[in-house]
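Q: okay, sequence plus prediction incoming.
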Amino acid sequence: MLKKAIALVLSTSLFLQITPIVYAADNITLPEMGTAAATTLSIGQEKEMGDYYVRLLRGSAPIANDPVLNQYINNLGKKLVSKSESVQTPFHFYIMKSNVLNAFAFFGGNVVIHSRIIMDTDNESQLASVMAHEIGHVTQRHLARAMEAQNKNSPYVWGGALGSLLLTLANPEAGMAAMTTTMASSTQSMISFTQSNEQEADRVGLRTIAKAGFDPHASSEFLQKLADQSRFSSKPPEILMTHPLPNSRLSDMRNRSLQYSKKNVPSSLSYYLAKARIAILMGNNNTAKLLLDNYRKLNTDQGKKALTYAVALSNYKSKNLVQAKIQLQPLLDNDPDNIWYIDLMTDINLESNNNKEAIARLQSALKRSPDNAVLQLNLANAYIKDGQYQQAVSLLHRYTFDHNDDTNGWDLLVTAYGGIKSRAQEMSARAESIALEGRFPEAIQLLTNARAQAKGNQTLISKIDARINQLKQLQKRYAAYSRR
């Protein structure tokens, strides 16, 4: 029962049982958000709780820090959010390295997609259907409404419970230990309320992918694929063991999809490149081999490009750098602004000690796309590899100002400051990275040590003092959410 509760409260809910009621696609009635949940939890509180949980996950879960993959999943997510209704918070999408078929959403517009989900989808419309379903849970404020249904419990009571749930998704043993002291009495009521939300998330998600230009039949097709995997396998996917996929759920989604015309929507090249990156850099040899075999069967221009990229990526991982460059170069020549190609060629150049070539390419690309975060990170890393630490510091100052929630930028800044032997600022940057993982005491101690290293630099000391005060206030506010 406890394992089931974990997944039902926060999980994708693609696999939860619902009552088979069919609604016309253009006649979707949703609740008034102004009446439900508003008295229990404000949008501001949801954002704050969401930030707390994201920090918790960064420190405990295998969240992918791959800038190219992060850019892809967030661009896809933004496309869906732009066509969603009742959006009241910013959205952030994350990929978690996991071989468990799952996805989940929580407060503040945060959606986590397990890498296995991306690999198991047959096309981008199916991936979009999973993400749209999770967006629906957020826009309909299902967690806040669950709090409303349970006698308006304090959000701080829920803070510890949901934090434990997230830890369980990331680390089952640690999460189970935390769960036992927070969920004993309210598990059943949380399950019941969450199940009642699934029809809304299904309807909202289906409408969203249709408006965003994806195939509306993708949701039912993906569910059918999961049902087939379970039927013909001696051991069904783990998610289906805790989340049964009854015929009623599948029939309901299929009937809803029939309200829309079938669309033949080609998957983007980025979708195929993302799968290649996950399979080769995050998967094992069998996963990579299977993907390469599948791409060889794609008799399309995109399939050929994806296969070439995947082979080059595989050679790069195996340190066959000359061969990797030979394979990748024609792709880059024909598409010089493709961020996937630029990123891989940069890695090949740096691994081959061709730092100047990488820097020149990245500088040229940034002139055409000055706000591209992937290019900025790549160039900062190339500067560091080439010993141009001050140039890296200047670039990363701007980057961390614009992307202060990206640990990649802070980690690179730590290295850059170390290169110019600026100890106080190196420790300050490390403190920011640690704070993003919710480790406030360690971050505050690092800043205190950095203050001692500032050696009369009153401007820097004042900045450090201000940041220490900010983190102390944040620590105090977030401590309430971690109560067990």
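A: Everything's here; your move.

Q: so what touches the host helix or strand of residue 379?
A: Counting by DSSP states H and E, the element that carries residue 379 is helix 373-385. With contacts defined as CB atoms under 8 Å, 6 or more residues apart in numbering, helix 373-385 is touched by 67-68, 71, 339, 342-343, 346, 349-350, 355, 358-359, 362-363, 365-366, 369, 389, 391-392, 395-396, 398-399, 402-403, 406, 408-409, 412, 415-416, 419. Any C-beta I mention is one placed from the backbone N, CA and C, and that applies to glycine too.

Q: and if you look at stretch 63-81?
A: 57, 87, 91-97, 111-113, 115, 124, 127-128, 131-132, 135, 208-209, 212, 270-271, 273-274, 277-278, 281-282, 339-340, 343, 373-374, 377-378, 407-408.

Q: at the geometric centre of this structure, which residue sits there?
A: By CA atoms, centre = their mean, the chain has its centre lying nearest to residue 94, at 0.5 Å.

Q: once you drop chain neighbours, what's closest to it?
A: residue 112 (4.8 Å; CB to CB, 6 or more residues apart in numbering).

Q: residue 90 now?
A: That would be residue 109: by CB to CB, 6+ apart, it lies 5.4 Å from residue 90.

Q: where's the one you found relative to residue 390, distance?
A: Counting by CB to CB, to the nearest Å, the separation of residue 109 from residue 390 is 37 Å.

Q: more neighbours: the two, which one.
A: residue 109 (22 against 13; other CB atoms under 10 Å).

Q: residues contacting the more buried one?
A: Neighbours of residue 109 in contact, by CB under 8 Å, 6+ apart: 47, 50, 87, 89-92, 138.

Q: buried only: go through those for me.
A: Buried members of the contacts of residue 109, counted by 16 or more other CB atoms under 10 Å: 47, 50, 89, 91-92, 138.

Q: quick one: which of these sit in helices?
A: 47, 50, 138 (DSSP state H).

Q: can you redo these as JSON lines with distance to residue 309?
A: Converted to JSON lines, these look like this (distance: CB to CB, whole Å):
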{"residue": "47", "distance to residue 309": "37"}
{"residue": "50", "distance to residue 309": "34"}
{"residue": "138", "distance to residue 309": "33"}
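
Q: stretch 335-342: how far from the chain's middle?
A: Distance of stretch 335-342 from the chain centroid (CA atoms, centre = their mean, to the nearest Å) equals 22 Å.

Q: ok so, going back, the residue nearest to residue 94: neighbouring residues, count only.
A: Residue 112: 28 surrounding residues under other CB under 10 Å.

Q: list the buried residues for stretch 297-310?
A: Neighbour count says stretch 297-310 has 302-303, 305-310 buried, by 16+ other CB under 10 Å.

Q: may I see the residues you listed arranged in TSV, with distance to residue 254 and pLDDT as well?
A: Putting these into TSV (distance: CB to CB, whole Å; pLDDT from 0 to 100) gives the following:
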residue	distance to residue 254	pLDDT
302	28	93
303	28	93
305	33	97
306	30	97
307	33	97
308	37	97
309	35	98
310	33	97
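
Q: now, which of those residues sits nearest residue 459?
A: Among these, residue 309 lies closest to residue 459 (CB to CB), at 46.8 Å.

Q: residues touching that closest one, list them.
A: By CB under 8 Å, 6+ apart, the contact list for residue 309 reads 273, 276, 328, 331, 340-341, 344.

Q: about what we covered before: centre of the chain versus the helix holding residue 379, how much separation?
A: So, by CA atoms, centre = their mean, the centroid of helix 373-385 is 22 Å from its chain's centroid.

Q: and what of stretch 428-445?
A: On CA atoms, centre = their mean, the centre of stretch 428-445 falls 21 Å from the chain's centre.

Q: quick one: end-to-end length of it, please.
A: End-to-end span of stretch 428-445 (CA to CA, to the nearest Å): 10 Å.

Q: check which residues of that stretch are buried.
A: 428-440, 443-444.

Q: do stretch 116-131 as well
A: For stretch 116-131, by 16+ other CB under 10 Å, it's 116-121, 123-131.

Q: ok, residue 400 to residue 319 distance?
A: 32 Å.

Q: higher neighbour count, those two?
A: Neighbours around residue 400 and residue 319, counted as other CB under 10 Å, are more numerous at residue 400. The numbers are 19 against 8.

Q: quick one: that one from residue 380, how far?
A: Residue 400 is 10 Å from residue 380, by CB to CB.

Q: in the stretch 151-300 of the chain, what spans have low per-residue confidence?
A: For the stretch 151-300 of the chain, the stretches flagged by pLDDT under 70 are 151-197, 230-249.

Q: strands along the stretch 1-150 of the chain, start to end?
A: For the stretch 1-150 of the chain, applying DSSP state E, counting those that start in this stretch gives strands covering 92-96, 103-106, 110-114.

Q: among those, which gets the worst mean confidence?
A: Mean pLDDT is lowest for strand 103-106 out of the strands of the stretch 1-150 of the chain, coming in at a mean of 85.

Q: what packs against that one?
A: Applying 3 or more CB pairs under 8 Å, 6 or more residues apart in numbering; DSSP states H and E, one finds that strand 103-106 contacts helix 2-10, helix 43-60, strand 110-114, helix 124-139, helix 155-170.

Q: take the contacts of residue 309 and keep only those in strands.
A: Under the assignment DSSP state E, the contacts of residue 309 contribute nothing to strands.

Q: which of these has the most neighbours?
A: Most surrounded of those: other CB under 10 Å gives residue 340, at 27 neighbours.

Q: state the pLDDT value of that residue.
A: Reported pLDDT for residue 340: 98.

Q: ok, now how distant is the residue nearest to it when sequence neighbours are not counted from residue 324?
A: Spatial nearest neighbour of residue 340, excluding adjacent residues (CB to CB, 6+ apart): residue 273 at 4.6 Å. For residue 273, the distance to residue 324 equals 15 Å [CB to CB].

Q: kindly report the same for residue 480.
A: Applying CB to CB to residue 480 and residue 324 gives a distance of 50 Å.

Q: same thing with residue 446?
A: Using CB to CB, residue 446 is found at 38 Å from residue 324.

Q: do residue 134 as well
A: Using CB to CB, one gets 35 Å for the distance from residue 134 to residue 324.

Q: just say helix, strand or coil for the residue of the chain positioned farthest from its centre.
A: The C-alpha centroid of the chain is most remote from residue 456, which lies 41.7 Å away (CA atoms, centre = their mean). Secondary structure assignment for residue 456 (DSSP: H, G, I helix; E, B strand; the rest coil): coil.

Q: kindly report the same for the one 5 residues further on.
A: Three states are possible here, and by three-state DSSP the one that applies to residue 461 is helix.

Q: what number of residues lie near it?
A: 16.

Q: for it, which non-adjacent residue is closest in space?
A: Closest to residue 461 by CB to CB, 6+ apart is residue 454, at 4.8 Å.
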